[in-house]
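>>> what's the 3D shape of this:
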Amino acid sequence: MNERQDPCAWLQAQPRPGLAADPARWQVLEGLARRTALAQGPLRALLWRKLQARYALLQEPVAAAPPPAPTAPSPLTELVARLALDRPTLRSARIDERGWTRMRVERRLLQARPTSAQALGPLNALALLPRALAALNQASPEYLQRLLGYVDALAALAPAGAAGGEPTPTRKKPRARGA
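Numbers count the residues shown, from 1 in each chain. Here you go, the predicted structure:
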C-alpha cells in the first residue's frame, strides 16, 4: 500500500514531536488526513501537499510570544484609578439616585390615579391600574422602580403618534367598482 493511498496511516507512522506542546495542531492534521483520504483527483493532491506542509510546520519549535513592551497608561486606566479614589463621592451619588428614583416612582403613581370623580366601576382599567401599582409598591418597591424604568424606555421608543394616544391615520382602500 502506497503512503499516498492512505494519508491517515502515513500520519500515524510519523513521529509526533509537537504533540505534547500543542495537541490541537495534531488533531487538525488528523482531520486534514481524513479529508485527504476521502478526496479524489487534483483536490486530493492539493490536500496531500497541505498535509505534508502542516506536518513540517509541526516539527518546527513554537516560538514564545515576546513580552509586551511597557506603555504609558491609557486614559481609561487613569479614569478608573481616579474613580477608585472617589468612592465616597460615588456612594453619595448612588444615594441621591435612589432618592430621585423614589420621587419619580411616587410621581408616576400620582399620575396613574384617575382624574375624574365619577364612579368608574370595579373592572375599569383606570381604576385597577393605580391599585395594582400601589400594591406592587408595598410588596416590592425595587421591582416597581425597575418596571417603571422599562415602561419609560418603551415609551421613549414608541412612535410620536402612538405615545400621544392619537391613533395613527390609516388610508382606506378604494372600493372596486362593479363588485
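>>> point out where the protein drops to low pLDDT.
1-4, 17-21, 61-70, 85-94, 112-122, 160-179 (pLDDT under 70).
>>> list the buried residues in the helix or strand where Ala53 lies.
Assigned by DSSP states H and E, Ala53 belongs to helix 42-59. Neighbour-count burial for helix 42-59 flags Arg44, Leu47, Trp48, Leu51, Tyr55, Leu58 (criterion: 16 or more other Cβ atoms under 10 Å). From N, CA and C alone the C-beta is placed, and that goes for glycine too.
>>> stretch 129-142 now?
Residues Leu133, Asn137 are the ones in stretch 129-142 that count as buried (16+ other Cβ under 10 Å).
>>> just the CA trace of that stretch, in CSV.
The C-alpha coordinates for stretch 129-142 follow below in CSV (Å, rounded to 0.1, in the frame of the first residue of the first chain):
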residue,chain,number,x,y,z
LEU,A,129,-54.1,50.2,37.5
PRO,A,130,-53.4,52.6,40.4
ARG,A,131,-54.5,49.9,42.9
ALA,A,132,-52.2,47.4,41.3
LEU,A,133,-49.2,49.8,41.2
ALA,A,134,-49.8,50.7,44.9
ALA,A,135,-49.9,47.1,45.9
LEU,A,136,-46.8,46.4,43.9
ASN,A,137,-45.1,49.4,45.6
GLN,A,138,-45.9,48.0,49.0
ALA,A,139,-44.8,44.5,48.1
SER,A,140,-41.6,45.3,46.3
PRO,A,141,-40.6,48.9,45.7
GLU,A,142,-37.4,47.9,43.9
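>>> where along the chain do the helices fall?
Here the chain has its helices, by DSSP state H, at 7-13, 23-38, 42-59, 75-85, 87-112, 125-139, 141-157, 160-163.
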